[in-house]
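> Need coordinates for the following:
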Amino acid sequence: MNRKTGLDYFSFDVDFFSDEKIQFVSARFGTKGEVIAVRLLCKIYRDGYFIRWDDDIALLFAKGVGDGCQHSCVKDVVFELLKRGFFDRSIFERFSILTSKGIQRRYFDACHKRKDVLFDPRISLIDMDEYKNTVEWQDGNIFDEKGGILDEKVDILPQSKVKESKAKESKGKKKSVADAPPVRYADDPLLDAAICDFIADRKERKKPMTSRAIASLIMQLDALASDVPTKIAILSSQLPGAGRGYSRSKTARERNPPTS
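Model (predicted):
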C-alpha cells in the first residue's frame, strides 16, 4: 500500500505574525524565533500533521536553520510556543509530539481528496468523524513507543485482504485497517484493560465514545492522577459526564485527615 503522507504546500495565514503567540516569540527571540516557528510548520506538514521532538531532532533542526542558530535557542523557542498554546502542551508532555488543533484541521482539510488518510486517535484534537476518508490506525498509534513516526509506505496488508475488507464495509461507513492488532490505550495492561472496559460499557449503554472523546478521556486521566490505581479507580467510579469531563474525588486521607 503506497499511501501518501505529508503535504507539498500548506495554507499560511496572512495574520500569522500578528498572532499574539508569535509576537511573544518575536519579542524574546527576534526574527530568528519567527523563522524557527515557520520552519517547524514546514517540517510538520511535510511529514503529516505532527512530528516527534527530542534533543537530537532539535540539534539537527538548528543546523538546518543556519545563521549560527544554536540548539538551545531552538529548544527555547519550542518551549515558548508550547507555553503560549501554539502547540498542544498536553500531547507534547504525553508523547513528545508537536501538533495542534489548527495544524490537524488544516492537514485533514487539505487531504480531503485522498483516500484512506491515517490518523491516531490518541493524539486527535479534532472530531475525526467529520472526515469520511480517514482510517483509524488500529494498533492505537502510528508512531512507536518513543514517538517516532512509523513508515506508512510499507504494505500493512496484502492488497487482496484490503479489497476483501472494503467489500464487507457498508456504504458511507468509516473504513479501518483490517486484521490489525487491538487498540492499545495505555502501556500498563491493567489501565489499558480498564479503559477498554469503560469504552465497552459506554457502547453497551448506547453512548459510544468517539475517537476524540477517548483521546480526551486519556488526557484528563493524566491530568487527574499520576498513578495507575487512581486512574483505574476514576474509571471504575463511572462519574456522570465521563468522557466529557471529570472531577477529582478526595482520597481517604483527605476525607479523614489525621488529628494532631
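
> Can you tell me the closest non-neighbouring residue to residue 53?
Take residue 53 and drop its neighbours on the chain: the residue closest to it by Cβ to Cβ, 6 or more residues apart in numbering is residue 98, 4.9 Å away. No exception for glycine: its C-beta is placed from N, CA and C like everyone else's.

> how about the one you found, what does it touch?
By Cβ atoms under 8 Å, 6 or more residues apart in numbering, the residues touching residue 98 are 40, 44, 50, 51, 52, 53, 78, 87, 92.

> Now it, what are its backbone angles?
Backbone torsions of residue 98, given as degrees, to the nearest 10, read phi -100, psi 120.

> For residue 53, the count of nearby residues, please.
For residue 53, the neighbour count with other Cβ atoms under 10 Å is 24.

> Can you pull the poorly scored residue ranges out of this structure?
Where the chain drops to pLDDT under 70, the residues are 1-4, 138-184, 212, 238-260.

> hmm, 90 instead?
Along the chain, the model assigns pLDDT under 90 to residues 1-15, 47, 55, 63-71, 94-95, 112-123, 128-260.

> Which residue ranges of it form helices?
Assigned by DSSP state H, the chain shows helices spanning 20-47, 55-65, 71-83, 89-95, 101-110, 159-168, 189-204, 211-224, 228-237, 252-255.

> Can you add mean neighbour count and distance to residue 124 and give those back as a markdown table?
Shown next, in a markdown table, are these (neighbours: other Cβ atoms under 10 Å; distance: least, Cβ to Cβ, whole Å):
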| stretch | mean neighbour count | distance to residue 124 |
| --- | --- | --- |
| helix 20-47 | 16 | 15 |
| helix 55-65 | 14 | 22 |
| helix 71-83 | 18 | 19 |
| helix 89-95 | 18 | 10 |
| helix 101-110 | 18 | 7 |
| helix 159-168 | 11 | 22 |
| helix 189-204 | 16 | 15 |
| helix 211-224 | 19 | 5 |
| helix 228-237 | 16 | 20 |
| helix 252-255 | 8 | 34 |
